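In: no FASTA, just this:
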């Protein structure tokens, strides 16, 4: 009888111990850090959670100059109409081509002319006497942008054909070539170059100043 009672008591104690073990396992604190939302972080000073400001990628910057600079293909008649648009201004036309190294070097002088005399009424036109293909058009635009020639830009419809040089009266078919028009649209000076003679940019400035005073 005593043996039976001791057996029952042992079973009861065993059951109670097992219950405590189960309860202890369930209530034990987790060793893992609580997962937080990627949009929440803990303030080190206050110990409270606060929302995290998410950063958005910066928008791709576009070259606004490249978007606005265009080269318009024109006939000689359309070129004359472009001159008429600027009646009342002194007009300086820079005839050039992408294959002309001296033309590209001279663009620096053209830009300086604009800086010095634009406020006095000088208008500059860039006239490209080159093949008007897509490839040449892209190359011409790249050249103009690099040298900050952000002026009205034209390209001859007949490209670099002999007819083009005849239509625009380019003496000796030589580039660079400049033409200066007075406030009435009349051609008053031509500046030419050849293999032996470069354009005198000081003479160009002097003639522009004379035209602006009238």
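Out: Now that the structure is in, tell me what you want to look at. Everything quoted here is computed from the prediction, not taken from an experiment. Numbering: from 1, shown residues only.
In: tally of neighbours for residue 71?
Out: Residues within reach of residue 71, counting by other CB atoms under 10 Å, total 19. (C-beta placed from N, C-alpha, C; glycine too.)
In: what residues are up against it?
Out: Residues near residue 71 by CB atoms under 8 Å, 6 or more residues apart in numbering: 128, 137, 140-141, 144, 153-155.
In: how about those residues in CSV, adding secondary structure and pLDDT?
Out: Shown next, in CSV, are those (DSSP: H, G, I helix; E, B strand; the rest coil; pLDDT from 0 to 100):
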residue, secondary structure, pLDDT
128, strand, 98
137, helix, 95
140, helix, 97
141, helix, 96
144, helix, 97
153, strand, 97
154, strand, 98
155, strand, 97
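In: quick one: which of those is most hemmed in?
Out: Counting neighbours by other CB under 10 Å, the top entry in the contacts of residue 71 is residue 128, with 28 neighbours.
In: tell me the contacts of residue 204?
Out: With contacts defined as CB under 8 Å, 6+ apart, residue 204 is in contact with 109, 113, 178, 180, 191.
In: could you report the neighbour count for residue 213?
Out: The number of residues packed around residue 213, counting by other CB under 10 Å, is 8.
In: circling back: out of the contacts of residue 204, which is nearest to residue 69?
Out: Proximity of the contacts of residue 204 to residue 69 (CB to CB) peaks at residue 113, which lies at 18.3 Å.
In: looking at the contacts of residue 71, which is nearest residue 90?
Out: residue 154 (17.8 Å).
In: contacting residues around that closest one?
Out: Taking CB under 8 Å, 6+ apart, we find residue 154 in contact with 71-74, 79, 82, 125-128.
In: for it, give the beta-bridge partners.
Out: Counting by DSSP bridges, residue 154 is bridged to residue 72, residue 127.
In: and residue 196, what's its pLDDT?
Out: pLDDT, residue 196: 76.
In: helix or strand: which one has it?
Out: Secondary structure assigned from DSSP states H and E places residue 196 in neither a helix nor a strand.
In: how much space is there between it and residue 202?
Out: 19 Å (CB to CB, to the nearest Å).
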